[in-house]
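Enquirer: With the input below, show me the fold.
(one chain, ligands or ions: 2)
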Amino acid sequence: MIPNGTLELSADPTGIAQAADLLRQGLLVAFPTETVYGLGGDACNGEAVANIYAAKGRPSFNPLIAHVASVEAAQRFVRWSDQAEALAHAFWPGPLTLVLHLRADHGVSSLVTAGLDTLAVRVPAHPTARAILTAFDGPVAAPSANPSGQISPTTADHVRAGLDGRIAAILNDGPCGVGLESTIVGLAGEPTLLRPGGVALDQIEHVLGTELHHHQPGGILTAPGQLQSHYAPDSPVRLEADQAQGDEVLLGFGAVDCDLNLSPTGNLTEAAANLFAALHKLNDTGRPIAVSPIPSVGLGVAINDRLRRAAAPRDS
Ligand code: TXA
Ligand code: MG
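Expert: Residues are numbered from 1 along each chain as shown. Ligands and ions are numbered 1, 2, ... in the order given. Coordinates of the predicted model:
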């Protein structure tokens, strides 16, 4: 909970500077974009990103969109391509999100990408969103600013109704113009429509000069079993392990003797922030992975969801 309640900031230079300041402190700020209000946190700060999931009460780690102020800023985090250039030139700033391969030196929390090697980036058109991103001068992870399972907010009142007391501030700049989330196009492989949204499909195909592949309808990227679109370690994963057996490496939680600890103090926010990096690290050992029990409360629900997927039997 936020001790003094959720601040309301106005869309003037003072409010924008305060918003950027709170983001720099690792706190969460809801802000308007042209599509819907976003719940922003510093994309390079794992704990800030973990708190986004906690504030929304999301039961799983769904990759998030990194919002940046300019094409140049986007290029610092992802490998650019001719197709990205064409779409960015045509539709940025605006309601289009591009999914591209991460650069080696990206610095973005692996909780933003849910452990994938791609990043969703977008330059929003809303002048207040751009002013905050320019003042903050870094990538801001921002899902829609609503509790998990509820409707996306298009006014500051909607945001307050859902998240009051759970986030540091809401920057109120009236209703959003588009009211529908951004269109998401995957460019890491064949150009693919990942989510329809604010920019129409035929406009995108016109600019690319080719048809888009389609992902199965219905938010698929988050569905269990979509292991190819989620990071899963090569090694077998055993959950609820009190100690390592045989050749296993133990991923611990709390005061346990282990090879790597998600949070020695048993802090779920810290554990969430460390989760994907820890799985990658243990996977690199080539040994089977055992994981300590993690309580299914708060962020523990999402952590366990992700671990169950990592442990699920898979093809080949
Ligand atoms: O209009 C919007 O896009 C709003 C505003 C705030 O910018 N944001 C938004 O974020 O809708 P969110 O978190 O509700 O939706 C992000 C979507 C999710 O469906 C997620 O699966 C997908 O983007 N996504 C994010 N990163 C991805 C990646 N690396 N690969 C594939 N899909 C990704
Ligand atoms: Mg949403």
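Enquirer: hmm, who's touching stretch 40-54?
Expert: The list of residues contacting stretch 40-54 from outside it, by CB atoms under 8 Å, 6 or more residues apart in numbering, reads 23-24, 26-31, 39, 61, 64, 66-67, 107-112, 132, 136, 138-143, 166, 268-270, 272-274, 277, 298-299, 302. Using the backbone N, CA and C atoms, a C-beta is placed for each residue, glycine as well.
Enquirer: And these, which of them are buried?
Expert: Buried members of the contacts of stretch 40-54, counted by 16 or more other CB atoms under 10 Å: 23, 26-31, 39, 61, 64, 66-67, 108-112, 132, 136, 138-143, 166, 268-270, 272-274, 277, 299, 302.
Enquirer: any idea of the mean pLDDT in the helix or strand hosting Thr97?
Expert: Following DSSP states H and E, the helix or strand that holds Thr97 is strand 96-101. The pLDDT scores in strand 96-101 average 98.
Enquirer: Output the below-cut-off pLDDT ranges for the protein.
Expert: Where the chain drops to pLDDT under 70, the residues are 1-4, 216-231, 314-316.
Enquirer: Helices of that one, residue ranges please.
Expert: Assigned by DSSP state H, the chain shows helices spanning 13-24, 46-56, 71-75, 82-91, 127-136, 156-163, 201-208, 268-283, 300-311.
Enquirer: Of the ones you listed, which is nearest Ser148?
Expert: Checking those against Ser148 by CB to CB gives helix 46-56 as the closest, at 4.8 Å.
Enquirer: Can you check what angle separates that closest one from helix 300-311?
Expert: Angle, helix 46-56 to helix 300-311, by axes from the mean of the first three to the mean of the last three CA atoms, to 10 degrees: 110 degrees.
Enquirer: distance between helix 46-56 and the chain's centre?
Expert: 9 Å (CA atoms, centre = their mean, to the nearest Å).
Enquirer: How about residues contacting stretch 236-245?
Expert: 248, 250, 256-259, 288-293, 304, 307-308, 310-311.
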